[in-house]
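[1] need a structure here:
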Amino acid sequence: MTSADTIRLRREIEDVTERYRAAGYFPSACVRVFSRSETLAAVCVGEAKEDSLFDAASLTKIATGLQILRLVSNGALALDEEICDALPPLQDDGFLRARLKGVTLRRLLTHTSSLPAWYPFYTLQSRDFIAGLSFVLAHAEETQGTVYSDLNFMLLGKVLEWIQKKPLARCLREDLAQPLHLGNMTYLPDRRLPIVPSSYGNPIEESMCRERNLTFSSFRPADKPVRGEVNDGNAHYYFGGVSGHAGIFADAAAWERLCQFCMNNDDPLVLEAQREQPGAEERGLGFQTGLSYPHGCGHTGFTGTGIYFSTEYNIGVISLTNRLFYPKDNSNATWEFRRVLHEAAFALAGERPKN
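    Below you'll find the predicted structure:
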């Protein structure tokens, strides 16, 4: 890109971000546009600065999935290995052994596992994860086709701990963040760091529990900002802030470096992860595909976070927001904001593939 192109790109990204902030989609945001080798534009609005950490929410699944793929690449796991073989303690529960038969790591990564989308495990505080999972699956119908499920990545996080013989927070630090030089990406962040608040309490999850006639007496106060604690209820109340499906805090630069790792990687498995998988609509191996990710892939997080990159067209976008940080419910989901960002970056900076 020429210097004029770079200036135009930054102005467009800044305009889009400010426009959606002013419209009440989020109070603060950090956006980065990048190629496989450099940052093309960086914009922060509201309280956020370039080194601000955001609650990544389900972007955690990308970090978990890539760690699983690295273990597959080095022969420690196989994609078509059944979860009960990859995580042997599951076999001690006869119901789970039968219920999870045929559920492979591939099916967990592509959200075709037949597991339910969500359950508030924190309402089962007296049960450990395997006992809780047995209870949940015994009372839930099997899902069909592609159904996005947090439970898939709770299980994959447990697999990482089992195979690596260490806590998941150490897995992230020692097996991903440090070797890839990601910088500020961690579970349980130091509260002295610049952390953008994610919400006031967990009003949405409180409502979801009421709808299911489930009770929980320890929700965070609805008038206190949640800052430095993971927003996700299961990750916070049940897993102590560290889970395979949610819990990571990171700045935008860390996510950019992780995407660039994928864009520069010639491992066939990492490349395959970025493509829609057979029988898994708009799902790669951990990644999401589809119209929101032009010629590429990405993922989103409930708190208002998103990543997108196209290895083919050499362009990517990180968008970190705190869309839930309003005293009252904010009905503005950030999918439209991300779509506009992705399309603008793709149009202004995407490179056409060389034949």
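
[2] skip the chain neighbours and tell me the closest residue to Leu69.
    Leu269 (5.3 Å; CB to CB, 6 or more residues apart in numbering). For every residue, glycine as well, the C-beta is placed using N, CA and C.

[3] pretty sure the one you found is touching Leu66, no?
    No. When contacts are counted by CB atoms under 8 Å, Leu269 is not listed as touching Leu66 (10.0 Å).

[4] compare these two (neighbour count), which wins?
    Looking at Leu269 and Leu66 with other CB atoms under 10 Å, you find the greater number of neighbours at Leu66, namely 23 against 14.

[5] and the more buried one, how close does it get to Phe287?
    10 Å (CB to CB, to the nearest Å).

[6] please identify the helix or strand for Gly65.
    For Gly65, the element it lies in under DSSP states H and E is helix 60-73.

[7] and the helices in this structure, which stretches?
    3-22, 60-73, 83-86, 94-99, 105-109, 129-138, 150-164, 168-172, 203-211, 233, 252-263, 268-273, 335-349 (DSSP state H).

[8] Ser37: which of these is closest?
    Closest to Ser37 of those, according to CB to CB: helix 252-263, at 7.5 Å.

[9] can you get me a residue count around Cys209?
    18.

[10] who's in contact with it?
    Counting by CB atoms under 8 Å, 6 or more residues apart in numbering, Cys209 touches 120, 123, 215-216.

[11] cool, Gln260 as well?
    34, 36-37, 309, 316.

[12] got a PyMOL select line for the buried ones in those residues?
    For the buried members of those, the matching PyMOL selection, counting by 16 or more other CB atoms under 10 Å, is:
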select buried, resi 34+36+309+316
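
[13] nearest to Arg257, of the contacts of Gln260?
    For the contacts of Gln260, the nearest to Arg257 is Phe34 (9.1 Å; CB to CB).

[14] so the closest one sits right up against Leu40, yeah?
    Yes. Between Phe34 and Leu40 there is a contact under CB under 8 Å: 5.7 Å.

[15] give me the domain ranges for this protein.
    3-58+181-349, 65-166 (automatic domain parsing).

[16] end to end on the last one, go ahead and measure it.
    I take that to be domain 65-166. 17 Å (CA to CA, to the nearest Å).

[17] quick one: average confidence on that domain?
    In this model, domain 65-166 has a mean pLDDT of 97.

[18] how far away from the center of its chain is it?
    Relative to its chain's centre, domain 65-166 lies at 17 Å (CA atoms, centre = their mean, to the nearest Å).

[19] and if you look at the first one?
    Centre-to-centre, domain 3-58+181-349 and its host chain are 7 Å apart (CA atoms, centre = their mean).

[20] now do the same end-to-end measure for it.
    Per CA to CA, domain 3-58+181-349 runs 12 Å from first to last residue.

[21] now do the strands in the stretch 101-250 of the chain.
    All strands of the stretch 101-250 of the chain, identified by DSSP state E, counting those that start in this stretch, fall at 185-187, 199-200, 225-226, 248-250.

[22] what does the third one rub up against?
    Translated: strand 225-226. Applying CB under 8 Å, 6+ apart, the set of residues contacting strand 225-226 is 55, 197-202, 220, 325.

[23] each with direction, which strands does that strand pair with?
    Paired neighbours of strand 225-226 in the sheet (DSSP bridges): strand 199-200 (antiparallel).

[24] who touches the partner strand?
    By CB under 8 Å, 6+ apart, the list of residues contacting strand 199-200 reads 222-226, 231, 303, 322, 324-327.

[25] try 10 Å this time
    55, 205, 220-227, 229, 231, 302-304, 322-330 (CB atoms under 10 Å, 6 or more residues apart in numbering).

[26] for stretch 264-272, buried residues please.
    Under 16+ other CB under 10 Å, the buried positions of stretch 264-272 are 265, 270.

[27] and it, what's its mean pLDDT?
    Average pLDDT, stretch 264-272: 97.

[28] how long is that stretch end to end?
    End-to-end distance for stretch 264-272, by CA to CA: 13 Å.

[29] now do stretch 65-83
    So stretch 65-83: terminal residues 14 Å apart, CA to CA.

[30] and stretch 208-224, by the same measure?
    Stretch 208-224: ends 20 Å apart by CA to CA.

[31] and for Leu258, the neighbour number?
    Leu258 - counted by other CB under 10 Å - has 23 other residues nearby.

[32] quick one: contacts for it?
    So Leu258 contacts 59, 62-63, 66, 176-177, 180, 182, 185, 250, 307, 309, 318 (CB under 10 Å, 6+ apart).

[33] repeat for Thr2
    Thr2 sits in contact with Arg8, where contact means CB under 10 Å, 6+ apart.

[34] now swap in Arg106 and tell me
    With CB under 10 Å, 6+ apart, Arg106 has these contacts: 72, 78-81, 112-113, 277, 279-280, 285.

[35] which one of those residues sits closest to Cys30?
    Leu285 (26.9 Å).

[36] quick one: contacts for the residue nearest to the spatial centre of the chain?
    Centroid check for the chain by CA atoms, centre = their mean gives Leu59 as the closest residue, at 1.5 Å. If a contact means CB under 10 Å, 6+ apart, then Leu59 has 185, 246, 248, 250, 255, 258, 298-303, 305-307, 318, 320 as its contacts.
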